[in-house]
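Participant: A structural model of the following input is requested.
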Amino acid sequence: MAGSFEVFRKYQRSLLVFVAILAMLAFFVLPPILQMGFGTAGGNPVAVAWKDGVLHEAELDRAVVMRTVVNRFLAESAMAAGRDPAQLPLFPDSEEQVVRSMMLAKEAAANGLVVSDAAINDFLGTWTNNLVRPETFRDIIAGLRLGPVAVSQRDVFDTLRSELAARNMLILFQTGFSGDPPGWRWEIGRAHV
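Facilitator: Residues are numbered from 1 along each chain as shown. Take a look at the predicted model:
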């Protein structure tokens, strides 16, 4: 035992220098190499995973930005109709709320709940009290940007479709769980037959 400690004491400065160099490499050289993609699988890590799927960082980032763009579209549409957008309920744009909406929209699709373009047009008509013409909507969309790229009507409609499907699914969940449990209603209905 005493022999191994003697070796350590004899080479202690050299070992300390070696460990210091390894630490510098680990903290300063390794992270940039890993960020270039050598140490990650594709550079797009999973942001959220649940029983029925996963959501990658890039998808989540785009969804949050599109939610902000759609909120801007809705606010400008409301202003074009003479309404105060501060008094209207825009879609929450936190990552948590975006993920929640995406999961509800996937559940809506799994249950056959479809939001058509006509339903989106009806929503926009209600949102603006039918005071905004289609040309004005097109002009508002033409002014929207997703970074340096212009946003298309399809982008806005797809985001609204997802949001409205999520909202409708949430309403169905909430109305389904309000009042008496279904088993009680079944028993009461059988008792009166």
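
Participant: helices of the protein, start to end?
Facilitator: In the chain, the helices defined using DSSP state H lie at 2-10, 12-24, 30-33, 57-80, 95-110, 117-127, 134-142, 153-176, 182-191.

Participant: possible to save those as JSON lines with mean pLDDT?
Facilitator: Converted to JSON lines, those look like this (pLDDT from 0 to 100):
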{"stretch": "helix 2-10", "mean pLDDT": "73"}
{"stretch": "helix 12-24", "mean pLDDT": "81"}
{"stretch": "helix 30-33", "mean pLDDT": "68"}
{"stretch": "helix 57-80", "mean pLDDT": "90"}
{"stretch": "helix 95-110", "mean pLDDT": "88"}
{"stretch": "helix 117-127", "mean pLDDT": "92"}
{"stretch": "helix 134-142", "mean pLDDT": "90"}
{"stretch": "helix 153-176", "mean pLDDT": "88"}
{"stretch": "helix 182-191", "mean pLDDT": "60"}
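
Participant: make a markdown table out of the ones you listed and add distance to residue 89.
Facilitator: Any C-beta I mention is one placed from the backbone N, CA and C, and that applies to glycine too. Converted to a markdown table, the helices of the chain look like this (distance: least, Cβ to Cβ, whole Å):
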| stretch | distance to residue 89 |
| --- | --- |
| helix 2-10 | 68 |
| helix 12-24 | 52 |
| helix 30-33 | 42 |
| helix 57-80 | 10 |
| helix 95-110 | 12 |
| helix 117-127 | 10 |
| helix 134-142 | 19 |
| helix 153-176 | 10 |
| helix 182-191 | 30 |
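
Participant: which stretch among the ones you listed comes nearest residue 48?
Facilitator: helix 95-110 (5.3 Å; Cβ to Cβ).

Participant: so which elements touch the closest one?
Facilitator: Secondary-structure packing of helix 95-110 (3 or more Cβ pairs under 8 Å, 6 or more residues apart in numbering; DSSP states H and E): strand 46-50, strand 53-56, helix 57-80, helix 153-176.

Participant: just checking, what packs against the last one?
Facilitator: Counting contacts by 3+ Cβ pairs under 8 Å, 6+ apart, the secondary-structure elements packed against helix 153-176 are helix 57-80, helix 95-110, helix 117-127, helix 134-142.

Participant: give me the buried positions along that helix.
Facilitator: Within helix 153-176, the residues that count as buried by 16 or more other Cβ atoms under 10 Å are 155-157, 159-169.

Participant: tell me who's in contact with residue 59.
Facilitator: With contacts defined as Cβ atoms under 8 Å, 6 or more residues apart in numbering, the neighbours of residue 59 are residue 47.

Participant: actually residue 157, sorry about that
Facilitator: Neighbour list for residue 157: 117, 120 [criterion: Cβ under 8 Å, 6+ apart].

Participant: now residue 119
Facilitator: Residues in contact with residue 119 (Cβ under 8 Å, 6+ apart) are residue 164.

Participant: from residue 55, how far out is it?
Facilitator: Separation of residue 119 from residue 55 (Cβ to Cβ, to the nearest Å): 25 Å.
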